[in-house]
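Participant: Predicted model follows, preceded by the sequence.
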Protein chains: 2
Amino acid sequence: MLTIGQLASYAGVTVRAVRHYHSTGLLPEPARDHSGYRRYDAAAVVDLIRIRTLAEAGVPLSRVHELLGADVDEFSAAVDDIDRRLRAEVRELQEHRRRIAQLAAGDSLALPPEAVAYLERLRELDLPEELVNLERDAWILVAAQMPEQMPTLMTLKSEQLNDPAVIALYRDLVEALDWPSGDRRLDALADRLVTLFEVGQDDWEEHAEDFPLPDELVELLDSVFLANAPFAPRLLALLEARGWKGWTRIERIKPL
Amino acid sequence: MLTIGQLASYAGVTVRAVRHYHSTGLLPEPARDHSGYRRYDAAAVVDLIRIRTLAEAGVPLSRVHELLGADVDEFSAAVDDIDRRLRAEVRELQEHRRRIAQLAAGDSLALPPEAVAYLERLRELDLPEELVNLERDAWILVAAQMPEQMPTLMTLKSEQLNDPAVIALYRDLVEALDWPSGDRRLDALADRLVTLFEVGQDDWEEHAEDFPLPDELVELLDSVFLANAPFAPRLLALLEARGWKGWTRIERIKPL
DNA sequence: CTTGACCTTGACGTAGGGTCAGGGTTGCAC
DNA sequence: GTGCAACCCTGACCCTACGTCAAGGTCAAG
């Protein structure tokens, strides 16, 4: 008669595994000797080797029992099923590998390439890193909600950058981050913003219909603006006084 | 400010996952409102999306933190490392698939093909299934201890089957399973066994040196014999009286 | 008698959360 | 004002397939 250690060693598994199989009922508990030790016969070794063979082939323990008692048809059906599961796992891991390979540090983490390109363009225009980071975080939020619209959105944004007035405004908005909260220069900024809005209005309304940002996303992006720009509340108030409401989604509230 | 549910939905993860990330320190706990609810800002959404991006690419959570703060070099080194791990997992699964595909119900579970062929030959010789099953279990034990010797061992066993006297003896040994324990016919069986031993002795001794079965394996196989054949103790005694000791490894104890 | 190798049960840990249970909060409709 | 659904909170147990102590009992050798 064998002890659990001998059994395990003959079958090529660990003692812990044998006890685990007992605890799940996969291998029946044998009789105990006078001191409480489990005592096994050679048949247990054979059973355990069968279990190990299946387990090492990737069969989940919960299915080993059914496979040990299966006839040829049941067995091959179960094997097919398990192989399907393994194939799916392999595919999933391959997909992981694909994604891992595309990951890189910095912007491209959580942003599609067209957004990365847009950020890179901002950098080339010598806009400060501070702004680029804010833009990046905002676009991460957008990309998470509407990934398929990102290419078109990025094209639109990129086109805006062809207007030197837009770029100048970006630059001055960054400057404004350091201004005291009631700074008089905000009025001039508001005027310039309104000018841009009115020039670009038709374009924007057209696009706004094509790509409706969900209300909650608009709110979220506004909150990013409010949280990062001390002048934001005052600027929004100035814009409202000029007939424009909102920021992420700007709307006319007074007719011209 | 966002609740945990809104945060989770913006980032595309479950509420439970967010709490899990809090518990492991991956995502810092935010401030609570007056009723104890967690309240998040948009920056938390961005952080969470970054975490999700890495996690979905197969990065273990324990490494996500280090990756979020890594520079380009550290990042790509870590990515290489993770990809190695993923590759290893894929290989392991492919190996599982290979083995699963070779598994079949019946004998081939836990036995190499040459052993399966040997068992099949026993069946073709019309030896009873009872014997074939006993042989199968015995060879499972041997195969588990010395897999690389199996082809040669099976060749040797197969050659023995070319002697009609051996086959006849097998048949009669199976018959003997039903005999009463002190049956007189055992004497005749013992005589025939001894005859075979003496004819084959040189062959056997030669092979015994080439393929030394470990003592413990011999003991285990003897125990299979003893457990399954009621006549075994008596037969072994008769053999000893004729100058031969053992069963799995038979040895002459008296000179001729 | 000691020592070391074995055995016993029980419990906790792994990765990444899922799924209750039991109770408090909020917001909207009636 | 109140009822109800939909949130939120913590705590706890569940999953795989065991690994790894902890605290003790047993056995064989020297």
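Facilitator: Yep, that arrived. Residues are numbered from 1 along each chain as shown, chains lettered A, B, ... in the order given.
Participant: distance of the closest residue to A:Glu29 other than its chain neighbours from A:Met1?
Facilitator: Distance criterion CB to CB, 6 or more residues apart in numbering or on different chains; nearest residue to A:Glu29, sequence neighbours excluded, is A:His22 at 5.2 Å. Yep, even glycine has a C-beta here, placed from its N, CA and C like the rest. A:His22 sits 16 Å away from A:Met1, going by CB to CB, to the nearest Å.
Participant: Provide a list of residues in contact with the residue lying farthest from the centre of chain A.
Facilitator: The centre of chain A is farthest from one residue, A:His34, which by CA atoms, centre = their mean lies 58.9 Å away. With CB atoms under 8 Å, 6 or more residues apart in numbering or on different chains as the criterion, no residue contacts A:His34.
Participant: Please state the backbone phi and psi of it?
Facilitator: The phi and psi values for A:His34, taken as degrees, to the nearest 10, are phi -60, psi -20.
Participant: just to revisit the earlier point, where does the residue nearest to A:Glu29 land on pLDDT?
Facilitator: If you check A:His22, the pLDDT there is 95.
Participant: can you tell if stretch A:246-256 touches chain B?
Facilitator: No. Using CB under 8 Å from any CB of the partner chain, stretch A:246-256 stays clear of chain B, with a minimum separation of 11.4 Å.
Participant: Can you point out the buried residues in the particular helix or strand that has the residue nearest to A:Glu29 in it?
Facilitator: Per DSSP states H and E: A:His22 is located in helix A:15-23. Neighbour counts over helix A:15-23 (16 or more other CB atoms under 10 Å in any protein chain shown) mark A:17-18, A:21 as buried.
Participant: Would you state the helices of the stretch 101-250 of chain A in chain order?
Facilitator: A:113-124, A:129-145, A:150-160, A:164-176, A:185-210, A:215-228, A:232-241 (DSSP state H, counting those that start in this stretch).
Participant: Compare the mean pLDDT across those and name the weakest.
Facilitator: Among the helices of the stretch 101-250 of chain A, helix A:185-210 scores lowest, at a mean of 80.
Participant: contacting residues around the residue nearest the centre of chain A?
Facilitator: Centroid-nearest residue in chain A, with CA atoms, centre = their mean: A:Ala110, separated by 6.8 Å. By CB under 8 Å, 6+ apart, A:Ala110 lies in contact with A:140, A:143-144, B:46, B:49-50, B:52-53.
Participant: Just the pLDDT at it, thanks.
Facilitator: For A:Ala110, the predicted pLDDT is 87.
Participant: if we can go back for a sec, so what pLDDT did the residue farthest from the centre of chain A get?
Facilitator: A:His34 is assigned a predicted lDDT (pLDDT) of 94.
Participant: tally of neighbours for the closest residue to the residue nearest to the centre of chain A other than its chain neighbours?
Facilitator: Once flanking residues are discounted, A:Ala110 sits nearest to B:Thr53: 4.4 Å by CB to CB, 6+ apart. Close neighbours of B:Thr53, defined as other CB atoms under 10 Å in any protein chain shown, add up to 22.
Participant: Pull up the gap between B:Thr53 and DNA strand C, please.
Facilitator: Distance, B:Thr53 to DNA strand C, by CB to the nearest atom of the strand, to the nearest Å: 12 Å.
Participant: from memory that residue sits against A:Leu109, does it?
Facilitator: Yes. Using CB atoms under 8 Å, B:Thr53 is in contact with A:Leu109, at 5.9 Å.
Participant: Pull up the overlap in contacts between these two.
Facilitator: Common contacts of B:Thr53 and A:Leu109 (CB under 8 Å, 6+ apart): A:Leu103.
Participant: what's the helix or strand for A:Arg52?
Facilitator: Per DSSP H and E, A:Arg52 falls inside helix A:42-56.
Participant: what's the very next helix or strand once past that helix in contact with?
Facilitator: Downstream of helix A:42-56, the next assigned helix or strand under DSSP H and E is helix A:61-68. By CB under 8 Å, 6+ apart, the residues outside helix A:61-68 that reach it are A:21, A:24-26, A:47, A:50-51, A:54-55, A:59, A:74-75, A:78-79, A:82, B:105.
Participant: Any of those buried? List them.
Facilitator: Taking 16+ other CB under 10 Å as the criterion, what is buried in the contacts of helix A:61-68 is A:21, A:26, A:47, A:50-51, A:54-55, A:59, A:75, A:78-79, A:82, B:105.
Participant: could you pick out which of the residues you listed are near DNA strand D?
Facilitator: Applying CB under 7 Å from any atom of the strand to the buried ones among the contacts of helix A:61-68, one finds that A:Ala55 fall near DNA strand D.
Participant: from the buried ones among the contacts of helix A:61-68, which single one is nearest DNA strand D?
Facilitator: Among the buried ones among the contacts of helix A:61-68, A:Ala55 lies closest to DNA strand D (CB to the nearest atom of the strand), at 4.6 Å.
Participant: so who does the closest one touch?
Facilitator: The contact partners of A:Ala55, taken as CB under 8 Å, 6+ apart, are A:61, A:64.
Participant: And the one 5 residues further on, by the same measure?
Facilitator: Contacts of A:Pro60 were listed using CB under 8 Å, 6+ apart, and they are A:Ile82.
Participant: And for A:Ala232?
Facilitator: A:225-226, A:247.
Participant: With A:Arg52 instead?
Facilitator: Counting by CB under 8 Å, 6+ apart, A:Arg52 makes contact with A:11-13, B:110.
Participant: ok, now A:Ile51?
Facilitator: A:Ile51 makes contact with A:21, A:26-27, A:64, A:68, according to CB under 8 Å, 6+ apart.
Participant: export those to JSON lines and tack on distance to DNA strand C?
Facilitator: As requested, those are exported to JSON lines (distance: CB to the nearest atom of the strand, whole Å):
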{"residue": "A:Tyr21", "distance to DNA strand C": "13"}
{"residue": "A:Leu26", "distance to DNA strand C": "16"}
{"residue": "A:Leu27", "distance to DNA strand C": "12"}
{"residue": "A:Val64", "distance to DNA strand C": "19"}
{"residue": "A:Leu68", "distance to DNA strand C": "23"}
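Participant: Restricting to C-alpha, output the helix holding A:Arg52 in CSV.
Facilitator: Only the C-alpha atoms of helix A:42-56 are listed here, as CSV (Å, rounded to 0.1, in the frame of the first residue of the first chain):
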residue,chain,number,x,y,z
ALA,A,42,-1.9,0.6,-7.6
ALA,A,43,-5.3,1.3,-9.1
ALA,A,44,-5.3,4.7,-7.6
VAL,A,45,-2.0,5.4,-9.4
VAL,A,46,-3.6,4.5,-12.7
ASP,A,47,-6.6,6.7,-12.0
LEU,A,48,-4.4,9.6,-11.0
ILE,A,49,-2.2,9.2,-14.1
ARG,A,50,-5.4,9.3,-16.2
ILE,A,51,-6.4,12.5,-14.4
ARG,A,52,-3.0,14.0,-14.9
THR,A,53,-2.9,13.2,-18.6
LEU,A,54,-6.2,15.0,-19.2
ALA,A,55,-5.3,17.9,-16.9
GLU,A,56,-1.9,18.4,-18.6
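Participant: average pLDDT across it?
Facilitator: Here helix A:42-56 scores 95 as its mean pLDDT.
Participant: same deal with stretch A:96-104?
Facilitator: The average pLDDT for stretch A:96-104 rounds to 86.
Participant: How far away from the center of its chain is it?
Facilitator: Offset of stretch A:96-104 from its chain centre (CA atoms, centre = their mean, to the nearest Å): 13 Å.
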